[in-house]
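Asks: Sequence below, structure please.
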Amino acid sequence: MKKILVVLYLLMLSGCFTAGNFSAKREYMHNVGSADESICEEKPERCIEGIPW
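Replies: Just a heads-up that it's a prediction; the model follows:
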């Protein structure tokens with residue numbers, strides 16, 4: 001039983017990461033919607049309360 005708990009604790013520790021530390025591809029995907037806010041001026045039907053969709 002103790003061995004199983006130790007293995008579970010090690011798996012949980014190995015799954016930890018720094019919050020907000022994204023790879024370049026993930027950072028791009030995160031900023032896709034906010035990258036081009038001029039679309040609301042050009043095509044207002046593509047925006048809801050100033051947020052592009």
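Asks: other SSEs contacting the longest helix along the chain?
Replies: Secondary structure of the chain per DSSP state H: the longest helix is helix 2-14. On a contact count with 3 or more C-beta pairs under 8 Å, 6 or more residues apart in numbering; DSSP states H and E, helix 2-14 meets no helix or strand. In this view, the C-beta of every residue, glycine as well, is placed from N, C-alpha and C.
Asks: what's the nearest residue to the residue nearest the centre of the chain if we skip its chain neighbours?
Replies: Nearest to the mean C-alpha position of the chain, by C-alpha atoms, centre = their mean, lies residue 30 at 5.2 Å. Distances taken as C-beta to C-beta, 6 or more residues apart in numbering put residue 22 closest to residue 30, at 6.5 Å, once the chain neighbours are dropped.
Asks: just the helices in this structure please.
Replies: Under DSSP H, the chain gives helices at 2-14, 24-30, 39-42.
Asks: thinking again about what came up before, now do the residue nearest to residue 30 against residue 14, distance only.
Replies: Going from residue 22 to residue 14 by C-beta to C-beta, to the nearest Å gives 19 Å.
Asks: repeat for residue 44
Replies: On the measure of C-beta to C-beta, residue 44 and residue 14 end up 48 Å apart.
Asks: Dump the helices of the chain into CSV; add distance to residue 51 and mean pLDDT as well.
Replies: CSV is the format used below for the helices of the chain (distance: least, C-beta to C-beta, whole Å; pLDDT from 0 to 100):
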stretch, distance to residue 51, mean pLDDT
helix 2-14, 37, 89
helix 24-30, 15, 78
helix 39-42, 8, 80
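Asks: Kindly reformat those helices as CSV and extend each row with distance to residue 53.
Replies: Below are these laid out as CSV (distance: least, C-beta to C-beta, whole Å):
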stretch, distance to residue 53
helix 2-14, 37
helix 24-30, 16
helix 39-42, 10
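Asks: what's the closest of these to residue 48?
Replies: The closest of the helices of the chain to residue 48 is helix 39-42. By C-beta to C-beta, the value is 9.5 Å.
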